[in-house]
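Trainee: below is the sequence, then the predicted model.
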Protein chains: 4
Amino acid sequence: MPHSTSAPPLGVGMVGYAFMGAAHSQGWRTVARAFDLPLTPVLAAVCGRDPAAVSQAADRLGWAAAETDWRALIARDDVSLVDICTPGDSHADIAIAALEAGKHVLCEKPLANTVAEAEAMAQAARAAAERGQLAMVGFNYRRVPALALARRLIAEGRVGTLRHVRVSYLQDWGEDPALPLVWRLRKDKAGSGALGDLGAHIVDLAQYLSGELLTGVSAQTETFVKERALPGGKAGQTGEVTVDDAAVFTGRLASGALTSFEVSRLAAGRKNQLRIELNGAAGSVAFDLERLNELEFHDHTLPASEGGFRRILATEADHPYLEGWWPPGHGLGYEHTFTHQARDLVLAIASGTQPEPTFDDGLQVQRVLAAIEESAQKNAVFTPVPAPE
Amino acid sequence: MPHSTSAPPLGVGMVGYAFMGAAHSQGWRTVARAFDLPLTPVLAAVCGRDPAAVSQAADRLGWAAAETDWRALIARDDVSLVDICTPGDSHADIAIAALEAGKHVLCEKPLANTVAEAEAMAQAARAAAERGQLAMVGFNYRRVPALALARRLIAEGRVGTLRHVRVSYLQDWGEDPALPLVWRLRKDKAGSGALGDLGAHIVDLAQYLSGELLTGVSAQTETFVKERALPGGKAGQTGEVTVDDAAVFTGRLASGALTSFEVSRLAAGRKNQLRIELNGAAGSVAFDLERLNELEFHDHTLPASEGGFRRILATEADHPYLEGWWPPGHGLGYEHTFTHQARDLVLAIASGTQPEPTFDDGLQVQRVLAAIEESAQKNAVFTPVPAPE
Amino acid sequence: MPHSTSAPPLGVGMVGYAFMGAAHSQGWRTVARAFDLPLTPVLAAVCGRDPAAVSQAADRLGWAAAETDWRALIARDDVSLVDICTPGDSHADIAIAALEAGKHVLCEKPLANTVAEAEAMAQAARAAAERGQLAMVGFNYRRVPALALARRLIAEGRVGTLRHVRVSYLQDWGEDPALPLVWRLRKDKAGSGALGDLGAHIVDLAQYLSGELLTGVSAQTETFVKERALPGGKAGQTGEVTVDDAAVFTGRLASGALTSFEVSRLAAGRKNQLRIELNGAAGSVAFDLERLNELEFHDHTLPASEGGFRRILATEADHPYLEGWWPPGHGLGYEHTFTHQARDLVLAIASGTQPEPTFDDGLQVQRVLAAIEESAQKNAVFTPVPAPE
Amino acid sequence: MPHSTSAPPLGVGMVGYAFMGAAHSQGWRTVARAFDLPLTPVLAAVCGRDPAAVSQAADRLGWAAAETDWRALIARDDVSLVDICTPGDSHADIAIAALEAGKHVLCEKPLANTVAEAEAMAQAARAAAERGQLAMVGFNYRRVPALALARRLIAEGRVGTLRHVRVSYLQDWGEDPALPLVWRLRKDKAGSGALGDLGAHIVDLAQYLSGELLTGVSAQTETFVKERALPGGKAGQTGEVTVDDAAVFTGRLASGALTSFEVSRLAAGRKNQLRIELNGAAGSVAFDLERLNELEFHDHTLPASEGGFRRILATEADHPYLEGWWPPGHGLGYEHTFTHQARDLVLAIASGTQPEPTFDDGLQVQRVLAAIEESAQKNAVFTPVPAPE
């Protein structure tokens, strides 16, 4: 076993330090303690616009330096990898500049606010890859061990010819009438609402787990609460919510499998419930993010009298990512997905291989989101998703 | 407490004696033993085309006589109520004839195979009602105590302004490659596949529980297994499956609430899983038919620190239908829905009030099913459901 | 398939018509409708002390005649089988008289209020068996399909060398301070409290499922609420509760497996929760009566990465008792255990074979209960259970 | 909000670096990143006997220095707090020496291998407390947010007069026949088997949650697998397992509430399943460590028709410890208990208040374990637990 932390350093610079920044920091800070890595991530610098706040965040989250201009962060010699944790409207600018400056890039999802931005980013990533710079998009749920196990079972044929994928991702914070008009409710900052925030995750997961792409979608969206108090505004001052609160959509995978999707921020009692189930001729898998250490697997090749969904605790030593953690039954949490993401990216950089999901994968998800919005505007008519070039 | 079985008799004649006939028989046989009723159902006669088989069924299921012609059954003096348990292609003929002959009618769902048939039936029912004959359609799941309790909570405002209804009804018997081309797989007998069989149930439930009607739908359907062995055919002889195996559809309720639906006969490991969840501004309810004695209820008016879905065992004495049964925690089964259906119909007949769901309700579900099929043929475009007259 | 109801009649006479009487009636009324039987049970007569009440019960529950003296019931020519549903203090008298009169006997559990009574009953049953009369004790939970399936798996070696049996049976009706001093709370009528009522069930189940007998026990019991209002008494008048509210005990099976047991009537929120789990070297089974259609099975011979408790819906056609019922996933209820019990007893009578559980089995459970009470009085010291002769 | 990491340092020295050492390291490393603390833990030095291994562990786990003699670690100026993660046979020596050297001490559970050792440790802790050095024992499960929430609800009276506490802690790694005779299976190193390892946790939890002490116990223990291969021995060479594999015991709390306990390392399919339930006159709580973000709470003061166990996701901002973590529904894992433990200890040290659980609490648990072993040797007779002085 090589000594992980005597491995050469990999300088990381992070832009943004809110929820996602805190979660990514925990990943970078922890990854070399849990896994044997050929490179040791170093938390070189964090960037934000407010000097006092970013300095405080650097101190709190463990970053050696603070920057207030992301261009300065990118320019630092001690930064080899730029980790983008800002709202979607700045992803393209930062990612493209970082790649052009010869840095590796990890970009939070959704990749961008528009397909055009995502196309430019994907093109920049392809060009950078030829120069040895690697780009990855942060669909962290691929790194939940139970979902990585699901992918493994499906890749091994344990689900067989696919019939159905059904996914929902439900939260309820939007049901609070006192919630002000935060950036996630503004189209100019967030691009879309539940669709980009939650829908991007489940579109990616459905495609990743099935190993197939969506060929088209039919969608409806809704904004249930149309006005919210302006943050910092006077009493009674409100602004328009310009993104969706919820969406329902159906689709087709390349094999013809039927898919159904739902996202909402107004599903009372569902805090962060991402449920996904795939049914095939040989078996089924089911998962619930509120119980993230469990995968349910039904082996349809057993006699019916013995069949049934079995609850596999994805905490065995030979389950994905578990070599770094605790004995069986000692569960992991949400934040571990970021540690696993950091692990996979570091391994890819060290070996010079392309990490997944790629910016092209992120672009393809963006095209699905665009097709969803187009369908929603066209009376839910089935709207094809352009195939990747 | 009046003596239920010394109450005057109500002669019942049943057409069909397969799965539904056996379940209805259990309901008629049991209802006066569990509930105080002003009329006592008498199992007068059962009808089927094969003389030996129907005679055996009469003996086995407890019917006093057997008939081989449904017109003869209707004509019997000892039959006041005709209970129709045949495939959908004969519902209209039998129901209309029975109503015109002055009999009450209970008709299995879906009401008919086409909207035109359903319209004729609903018109016959309206005419018969004026003469005192009552008609009811057998959406038996309304009589699951936990779902009747859900309706009660919703009617009391415990869910509040509705945001979402999501329902799926999944089975897996279609995944068996050896399954022959039974009547349920033929459009001429069954009208449609999973849609009419399972979809009718969940469309009715979504509307019943919400207290709202669907204004339109967007749908995709699929027949995964397109050829099946012919029953009684030579080895290798197959016929075309002419109905859907599965459908996914989204819709809107009158209030604007978003709905999502899925039905399938090829969802490996799901035997008879009808799941329904409604989210509103004040709370949520969730239910799973595979655990039919349980209702999950989230009260969103509680502080978040105390909130959460609570598992109410719908077996308390003051829960719907429980006055007839066992102490708390002693669960009921699938078949009890038919006993409860019988109870409600007998009470309606005795008091001369219209039982629900009416044939008009059944017609409206039929229109939703037709809109689903139309949408599926038109690239999933959102297709309005005509409002009831 | 033979015609079940054209089979010769088997006249049944039932003593007692409260909760258990109603449940048994449902069993007798239904069994020949669901199963092919060589004899058809006929509900000949029911017996109770209050003439008006028993007459009403006969009418309601479907018994052809009513008797007010159990000796008269036994003497009836049309009664071949006496079904005893009274409190425990009268079991011995009725059962022994019935057996001596040449009748078959089904006796509710616990078999008796004392070991001495149970011994007399078992002796009477042995003597009667030689004359062709059969006796059975009503541990109905053996006839829950999921538990019968558990027994089948264990008998096939799927659990292997046994390590643990843990069982609890929890209710909460005793937590109601307004509950009066009903017969179940009086030692003279009920023999014991939760111990005889709930403990008898779980002692029988632990032994039945494991296929082993308890060799000894260590116990503590408690009466939490020591005074209750007298039924029909004046306001404020109370009487002493003379039975246990709850008991915890541990034991050993013949193989050395460790067992733990708990019964309570004051476990708030647990309505009728009988949980049982058996762990062995090859696998485990787990069951919860509040979800009685499900058996959880863990196959420990699978690789750990695929292991986990699988939820088998015990509703497949080849599961125990399911040949009489509905398609997969259409669940049964509590009352079906009585139908299955009736089925097994009828089959045994028709074939002249001894049904199980026998009165000797009931006696052995009684000895375990006596050892529990003795241990509880002796500071929980491990108290041997006498081996059956 | 003060700057946590600009707070003065608190030098930590850790002895032992296996499973517990890795988990504690993660706690020390993370705590100041998640919580605002008046002191910042610094990972000063780690200690182990093998120079190469401890040096590697220091590097991997993030400790600034390595020591091979725990006396040297204690003597270091940069170590103010000694964290003991060794097997139980060395706890007393290290803890007492550290306290006498003027260091704060955190000691893994069980506190010691014998009551005598624990008494000496508790006395040393009392003496040290007068000098300002604080000692705490590592019952980390008190710091699972859902269990801390359970304690809060119970302290607020939401469970009311207590009737029952039932707890089981089940694992299955002992079922592996290839498992060698590791230190946890040797009495000289581990003191006891499942009892000290798992039983210590559940005895502490039962007392902590109830707020009451056990007054006596009745117990049985068992070693199912009596011989195991010697680690590093020749093929076929085995040694005796000198500790228990499993134990069942019952007890009484001061209020008279009945308790039942079970621990096992041979419960096939249960990986790390600690289940605890408390029933009282006003309500109940239930918890399962395999779903550690959930607390089930039944409010028995609600009408029965609305009652039921509700699943509270213990991830709300006002739930215990959640101020440091993620939005609602983003679950935590096993390791977070060590971060929370570190938080509470740092806060206690900074404010000079006694942290809990104290060494006296650890001693009392040790006395319970001793009473369990004594009872098991004396035919399970109820054996009093000496009251704390």
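Mentor: Yes, it's here.
Trainee: what count of nearby residues applies to residue A:64?
Mentor: 12 (other C-beta atoms under 10 Å in any protein chain shown). To be clear about C-beta, it is placed using only N, CA and C from the backbone, and glycine gets the same treatment.
Trainee: the closest residue in space to it that isn't next to it in sequence: what secondary structure?
Mentor: Leaving out its chain neighbours, the residue that sits closest to residue A:64 by C-beta to C-beta, 6 or more residues apart in numbering or on different chains is residue A:44, at 5.7 Å. Using DSSP: H, G, I helix; E, B strand; the rest coil as the criterion, the local structure at residue A:44 reads strand.
Trainee: do the same with the one 5 residues further on
Mentor: Look at residue A:49: counting by three-state DSSP, its state is coil.
Trainee: got it, and residue A:251?
Mentor: Residue A:251 is classified as strand under three-state DSSP.
Trainee: roughly how far does it sit from residue A:385?
Mentor: Counting by C-beta to C-beta, to the nearest Å, the separation of residue A:251 from residue A:385 is 8 Å.
Trainee: doesn't residue A:11 belong to a strand?
Mentor: Yes. Checked against three-state DSSP, residue A:11 lies within a strand.
Trainee: hey, what's it bridged with?
Mentor: As for beta bridges, residue A:11 partners with residue A:42 under DSSP bridges.
Trainee: how about residue A:82, secondary structure?
Mentor: strand.
Trainee: surely residue A:117 meets residue A:95?
Mentor: No. Residue A:117 lies out of contact with residue A:95 (C-beta atoms under 8 Å); the separation is 9.3 Å.
Trainee: between those two, who's got more neighbours?
Mentor: Taking neighbours as other C-beta under 10 Å, residue A:117 and residue A:95 compare with residue A:95 leading, 31 against 21.
Trainee: name the element that one belongs to?
Mentor: Using DSSP states H and E, residue A:95 sits in helix A:91-100.
Trainee: ok, residues contacting that helix?
Mentor: With contact meaning C-beta atoms under 8 Å, 6 or more residues apart in numbering or on different chains, helix A:91-100 is reached by A:15, A:70-71, A:74, A:82, A:84, A:86, A:105, A:107-108, A:111-113, A:117-118, A:120-121, A:124-125, A:127-128, A:133, A:135, A:359.
Trainee: now, those residues that are in strands?
Mentor: Among those, the members found in strands (DSSP state E) are A:15, A:82, A:84, A:105, A:107, A:108, A:135.
Trainee: can I get those residues in CSV with pLDDT, neighbour count and distance to chain C?
Mentor: Shown next, in CSV, are these (pLDDT from 0 to 100; neighbours: other C-beta atoms under 10 Å in any protein chain shown; distance: C-beta to the nearest C-beta, whole Å):
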residue, pLDDT, neighbour count, distance to chain C
A:15, 98, 27, 39
A:82, 98, 28, 37
A:84, 98, 28, 35
A:105, 98, 28, 34
A:107, 98, 28, 33
A:108, 97, 22, 31
A:135, 98, 30, 32
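Trainee: so which of these comes closest to residue D:165?
Mentor: Residue D:165 has its nearest neighbour among the ones in strands among the contacts of helix A:91-100 in residue A:108, at 45.5 Å by C-beta to C-beta.
Trainee: how about the residues of the stretch 151-300 of chain A near chain C?
Mentor: The stretch 151-300 of chain A comes close to chain C at residues A:297, A:298, as judged by C-beta under 8 Å from any C-beta of the partner chain.
Trainee: hmm, what's the outermost residue in chain A?
Mentor: Most distant from the centre of chain A: residue A:305, at 39.0 Å, with distances by C-alpha atoms, centre = their mean.
Trainee: in chain A, what residue comes closest to chain C?
Mentor: Nearest to chain C, among the residues of chain A, is residue A:310, at 3.4 Å (C-beta to the nearest C-beta).
Trainee: so chain A: which segments form each domain?
Mentor: A:4-140, A:143-383 (automatic domain parsing).
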